[in-house]
Structures are given as structure tokens and as C-alpha cells.
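Visitor: sequence below, structure please.
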Amino acid sequence: MAKESFDKEIQLLRLFMLTSGAYNRQQLADRLGLSVHSIDKTLRRLKDIVGTIHPERSITEKEFTETLRYRYYDTTSPILLFLFRAKSLKESESQRISTLVAAMNERAYTAMELLEICGNTLPSDAALPDEKTIRADVKYLEQVGVIRKESGPRPYRYRIDNDLVQQLTSDELIDLYDFVDIMANTQIPSVQGYLLREGLLKFIQRHEAIPAFTEPFLYKYHYPSRILDEAHLFTLLQAIHARRKVRFTYFSPKSPQTYTSQNTNPLYERDLEGKQEQTLPLAIIYDHQYGRYYLIGYSSRYGIRKFRMEGITQLVEDEPVEEALFQAKRSELEHKIQHSWLVDTGHPVNIRIRFFTPEPPIPNFIHERVLLQGQWGMVSNTTNESFIFEITVNGTLEIKPWIRSFGSSCEVLEPRSLREEMMAEWKEIRDYYAAVRENI
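Guide: Alright, predicted model coming up:
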């Protein structure tokens, strides 16, 4: 999606969200494996991006960090989207691409005509592009769906691809905006929907026939990390579609660092903290409970492996593989995770749980929730007081938080080991509260 990678900015914003501003500059630098100077430089970079998106207001670095710390959950629009809005473009690229888009909004142009427009329009102190740069920009804009190539002989002509919104009436535009607004806030993935929603809103605001309107829906976004993880999502989906391997630097959840700078200067080359990985991506799985993505891939050395998307940095596509190998590994993966509550590939375990239903007149929300979230599990022995839920899953680690969320409304019957684990956890919680009551 973005023209350049912004892994460093993503990891810094993730730390801001997770720590709520509790880390100072040195702690942020240690966690990211960078110098304090690099942290300051990145903060200035993020501040400049915000200033580009909201030119009407100036913002200091302190105000920027306090906005992420205190005001993020006071807004219905995910503030972390400014990275995607800015596309991580350099200032010279931003000026050039804005000039190209503005020109093609009037009529179709060839690459050479666009080169001449840039030479006549860009500021005198700006670096003038060559033909190769213009063609690369045009290819990028075509890939992300901003422009399209008109039919006809060479040289090809390009223009803005906005026929859909141009042909809609005022009421249809508002209906389309409302639909995109709902889908962007409720479906996975969401970033492209947010960008489409923003583009539609700007078009509606410029439309003279549409009076000012109030947005009918307001959403509260609870998973900020999900938006940051989507920076790599579409690259991985494209690699899966093309059956291509990928290479990246990976930081496991237990790693003391979440990022490391690339060794670009041989005089200061040092060992990287993250692990260099090469894998054939097979599937992307989203965890609704924690709001995070997992990459499931295959390598000839380790077999099928799982990666948390938040630990992936410096992602690039690699060589393709044969379709027969890809399909064989996809089938192997489907067999291994057919009983996974999420991504666990351990040994299957049969679990039996007794759920207790609330007394009337309280609706039987326990039964409805189990039917909704219980995946392939079966409900039996239903009475007015309780029912039995049975399911076979790979291991018990992933299903435990779901069971625990029912509190005293459920009782694990089998296996015995899981029952004892749940008993030990509840006893530990009881001891915590008992000590507080004694002090009171």
C-alpha cells in the first residue's frame, strides 16, 4: 500500500499506545534498538506527517506524544491512520505525485506530457524528475487504483479513475459513504476502507449540490495495533496469491527489542537483534479476541511455523515456488489447523464443559453466546438449568481465555488436566481478593 516502508514509525507508535507515554526517550531507544537521536528524528518525521495532513494547525513534538497518550480514545477516527494517509512519501515525492494527480484530474496525459507538466509546475528549487521517475510514479498510481490507462495505441494516456463517484447522484453518494463507513469499522481488514471513506467525504464536501450533513454513525475503535499490522497485510496477501516466498526480520513477543536499524554503513555494522526469516506464506489468520494478525508459513528447514504480524519488519517478496508445492503445503496446513481454536497445531484434545443458564426472566444469553462463538462445538443435554458443550481442539492454551470469560457460569468437566488448571487459576484470583478484604 505504501510506497516506502515505515517499520520504525509503526513500532514507535505501537510502543506509545502500549505504554501510554510511560517510557522516556532512552527507554524507547533501548526497546527499539536505536539511538536517542534516531528517536528524536522519527518523532520529527511523524510530526511533519501530521502537519502535512492537517496544515491548518501547528503541532509540537510534546503535543504529538500527548495526543497519542491522552486523546486517542477520545476520537472516533483512528489517529494511527495518518501513516497510511501520508503513504510514507518523501516531501519531493509528495509534491511530484500531487502535481501528477492534479494534472490527470483534468484530462488524460502521456508520461512525457506529465514530465513536461512537472518541469513547468514544480518550484524552481525542487529536484526535477526524469522520464524514468515519472513512469515509476505513474505505475505506482496505477497499482494503487488512483489512475487508469486509457485504451488506445502507444504512447499510453492516463487519467484519474473516478468514474464511479462522478456518475452517482447526491443521495447515492451519501448512501455509498454510509455503507463504506459501516464496513470500514466492522469488517477485516479496515485500512483501505478508512482511506476510501476519507476520499468519499472530501468529494462530498466539494460537491456543491450536497448540503452539509451529519454523519449518522459513530464508532469506538478498540484495537489500535490492528491498523498498524495492516501495513504488511496486503504485501503478504499478494505473496500468497503469487505463491512467492517472503523475507523479513522477526522479533518474537519475548524479544527485548521490537525493531533494529538496517546496517547501511559498513564502518558501524553490528549484529542484528531480530532473526532473519524466509518463509512461504500460506495463510493469514486474525485473532478477534486480541485484535492481532498471525502469518502461517512454511520453510524447508522448520516446516509450518506461526509468526505474530506485529513482530515482522523489513518485509520483502522473494522467489516464487511451484504451484504443486504450494498446494501441497496448503493442504497440509488445513489438515493441521482443522481443529485449531485459532492457530494451535498441537495434539487434539476433547473438551467437555457444563454451562449454567441464568434464571428467568433474564434471557439465556449464555446459550446464545456459546452457539455464536463455539465454532464447530456441539451442544447437548440442554435443561432449564444447564447444558453440555463439547469440542475437539488442538491443545487447550487458546481456548482457555474464552472459557475463563464466562466466570462462574461454566464448569470444565474434561479433560482432568484443564479442570485442574482452571481450579488453580481461580484459587489464585480468590487469594488476591481475600487479602484485600482482610486489610479492609
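
Visitor: and the chain, what are its domains?
Guide: Per automatic domain parsing, the structural domains of the chain span 1-161, 224-260+272-336, 348-435.

Visitor: so which of the ones you listed is nearest residue 198?
Guide: domain 1-161 (7.1 Å; Cβ to Cβ). Placement of C-beta: from N, CA and C, glycine included.

Visitor: adding mean neighbour count and distance to residue 188, write the domains of the chain out as CSV.
Guide: Listed next are the domains of the chain as CSV, based on neighbours: other Cβ atoms under 10 Å; distance: least, Cβ to Cβ, whole Å:
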stretch, mean neighbour count, distance to residue 188
domain 1-161, 15, 14
domain 224-260+272-336, 17, 5
domain 348-435, 14, 16
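
Visitor: Serialize those to a markdown table and add fields for distance to residue 174 and mean pLDDT.
Guide: Listed next are the domains of the chain as a markdown table, based on distance: least, Cβ to Cβ, whole Å; pLDDT from 0 to 100:
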| stretch | distance to residue 174 | mean pLDDT |
| --- | --- | --- |
| domain 1-161 | 18 | 79 |
| domain 224-260+272-336 | 26 | 90 |
| domain 348-435 | 32 | 91 |
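
Visitor: dump the ones you listed to TSV, plus distance to residue 201.
Guide: Output for these, formatted as TSV (distance: least, Cβ to Cβ, whole Å):
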stretch	distance to residue 201
domain 1-161	11
domain 224-260+272-336	18
domain 348-435	33
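
Visitor: can you say which of those domains is nearest to residue 186?
Guide: Closest of the domains of the chain to residue 186 is domain 224-260+272-336, at 11.8 Å (criterion: Cβ to Cβ).

Visitor: centre of the chain to the closest one, how far?
Guide: Distance, stretch centre to chain centre, for domain 224-260+272-336: 13 Å (Cα atoms, centre = their mean, to the nearest Å).

Visitor: ends of it, how far apart?
Guide: 30 Å (Cα to Cα, to the nearest Å).

Visitor: before we move on, what about stretch 125-134?
Guide: 18 Å.

Visitor: neighbouring contacts of that stretch?
Guide: 92, 95-96, 100, 111-112, 114-115, 118-119, 122, 137 (Cβ atoms under 8 Å, 6 or more residues apart in numbering).

Visitor: and residue 200, which of the domains of the chain is closest to it?
Guide: domain 1-161 (13.8 Å).

Visitor: dump the contacts of stretch 125-134 to CSV, plus secondary structure.
Guide: What follows is these, written out as CSV (DSSP: H, G, I helix; E, B strand; the rest coil):
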residue, secondary structure
92, helix
95, helix
96, helix
100, helix
111, helix
112, helix
114, helix
115, helix
118, helix
119, helix
122, coil
137, helix
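
Visitor: in CSV: these, plus distance to residue 149.
Guide: Shown next, in CSV, are those (distance: Cβ to Cβ, whole Å):
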residue, distance to residue 149
92, 25
95, 24
96, 19
100, 14
111, 11
112, 15
114, 13
115, 17
118, 19
119, 23
122, 24
137, 14
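
Visitor: return the member of the residues you listed nearest to residue 164.
Guide: Out of those, the member with the shortest distance to residue 164 (by Cβ to Cβ) is residue 100, at 20.7 Å.

Visitor: I'd assumed residue 114 was in contact with that closest one.
Guide: Yes - under the criterion of Cβ atoms under 8 Å, residue 100 makes contact with residue 114 at 5.7 Å.

Visitor: so what sits against both of those two?
Guide: 134, 138.

Visitor: just checking: what are the partner strands of the longest strand anywhere in the chain?
Guide: Using DSSP state E, we find that the single longest strand of the chain is strand 275-287. Take DSSP bridges as the rule and strand 275-287 pairs in its sheet with strand 244-250 (antiparallel), strand 292-299 (antiparallel).

Visitor: which outside residues touch the lengthiest helix in the chain?
Guide: For the chain, the helix with the greatest residue count under DSSP state H is helix 416-439. Taking contacts as Cβ under 8 Å, 6+ apart, the residues outside helix 416-439 that touch it are 349, 351, 396, 400, 403-404, 412-413.

Visitor: show me the helices in the stretch 201-350 of the chain, by range?
Guide: 224-242, 323-336 (DSSP state H, counting those that start in this stretch).

Visitor: quick one: closest of the ones you listed to residue 372.
Guide: helix 224-242 (21.1 Å).

Visitor: what sits up against the closest one?
Guide: Here helix 224-242 makes contact (Cβ under 8 Å, 6+ apart) with 1-2, 5-7, 10, 13-14, 17-18, 72, 78, 80-81, 83-84, 188-192, 245-246, 281-284, 291-293, 295, 309-310, 312, 315, 317, 320.

Visitor: residues in contact with residue 382?
Guide: Applying Cβ under 8 Å, 6+ apart, the residues contacting residue 382 are residue 367.

Visitor: let the chain start at 560 from now.
Guide: In the new count, where the first residue is 560, that last one comes out as residue 941.

Visitor: I'd like to know how far it sits from residue 919.
Guide: 15 Å (Cβ to Cβ, to the nearest Å).

Visitor: next one: residue 652
Guide: Residue 652 is 65 Å from residue 919, by Cβ to Cβ.

Visitor: and for residue 590?
Guide: 53 Å.

Visitor: what about residue 777, how many neighbours?
Guide: 9 (other Cβ atoms under 10 Å).

Visitor: next, it: phi, psi?
Guide: phi -130, psi 130 (degrees, to the nearest 10).

Visitor: stretch 677-695 spans what distance, first to last residue?
Guide: Stretch 677-695 end-to-end distance (Cα to Cα) = 14 Å.

Visitor: and it, how far from the chain's centre?
Guide: 33 Å.

Visitor: and what of stretch 658-669?
Guide: 32 Å.

Visitor: before we move on, what about stretch 732-752?
Guide: Here the centre of stretch 732-752 is set off from its chain's centre by 16 Å, with Cα atoms, centre = their mean.

Visitor: buried set for it?
Guide: 732-733, 735-737, 739-740, 743-744, 748-752 (16 or more other Cβ atoms under 10 Å).
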